[in-house]
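Chemist: sequence and computational prediction follow.
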Amino acid sequence: MQQLKYFQHYPDSLQAQVKTLITDEKLQPYFKSKYPSGHQLQNQQALYQYCTALKQRYLKNTPRLNNVSFNKHTDMMKGTLGTHTHKQHRHGQKLKTRYDIALNNQLKYAPEAILRALIVHELAHFKHADHDKAFYNLCCNMEPDYHQLELDLRLFVVLDELGMNFYTQI
Ligand SMILES: [Zn+2]
């Protein structure tokens, strides 16, 4: 089952549970009961404000967020659902840094908690480049349920890939 590629670093027991969820067609019911509706962040400005609010609360004293958008296309083989970039540009005498976040366009129609987990992930990279302990500590500080939500994020991608994303009907 090719969808299991997204769960390779999880324990075997969990991979077996994921497999059952998919083969027994329980994936959609799982999402319907746990996350009945999708997020409302359908325009660029709402999305930007949402990210900025999170950033200001947890990552003070970091450069301004320049742009956030749903314009990344799936590259799940590399395991990335979002990208974060920073550019330096000269503004008068000062060298300024600007941050951009691009989110996978599959997340345009998704539960809010799952979108939040991805945003938290990308924001945490502004402080920590690698997926190390400090990185995950920061993620969990921003979102206490981070680990469960990251798993649900992977399950959501499977749901979407299998053509069962019902959040598109908003
Ligand atoms: Zn990452």
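Modeler: Great, that's in hand.
Chemist: residue closest to the middle of this protein?
Modeler: In the chain, the C-alpha nearest the mean C-alpha coordinate belongs to Leu118, at 1.6 Å (Cα atoms, centre = their mean).
Chemist: which element, helix or strand, includes that residue?
Modeler: Using DSSP states H and E, Leu118 falls within helix 112-124.
Chemist: now that helix: buried residues?
Modeler: Within helix 112-124, the residues scored as buried using 16 or more other Cβ atoms under 10 Å are 113-124. (Each C-beta comes from the backbone N, C-alpha and C, glycine too.)
Chemist: for that helix, name the packing helices and strands.
Modeler: helix 44-58, strand 82-91, strand 94-104, helix 133-142, helix 146-161 (3 or more Cβ pairs under 8 Å, 6 or more residues apart in numbering; DSSP states H and E).
Chemist: in contact with the residue nearest to the centre of the chain, which residues?
Modeler: Going by Cβ atoms under 8 Å, 6 or more residues apart in numbering, Leu118 touches 81-82, 103-104, 107, 153.
Chemist: closest to Val18 out of the residues you listed?
Modeler: Set against Val18, the nearest of those by Cβ to Cβ is Leu153 (12.8 Å).
Chemist: and the pLDDT for that closest one?
Modeler: Per-residue pLDDT puts Leu153 at 94.
Chemist: about what we covered before: most neighbours per residue, which of the helices and strands packed on helix 112-124?
Modeler: Ranked by mean neighbour count, the helices and strands packed on helix 112-124 are led by helix 146-161 with a mean of 19 (mean count of other Cβ atoms under 10 Å).
Chemist: which residues sit against that one?
Modeler: 3, 6-7, 10, 14, 18, 21-22, 27-28, 30-31, 34-35, 74, 76, 81, 106, 110-111, 113-114, 116-118, 120-121, 136, 139-140, 143, 165.
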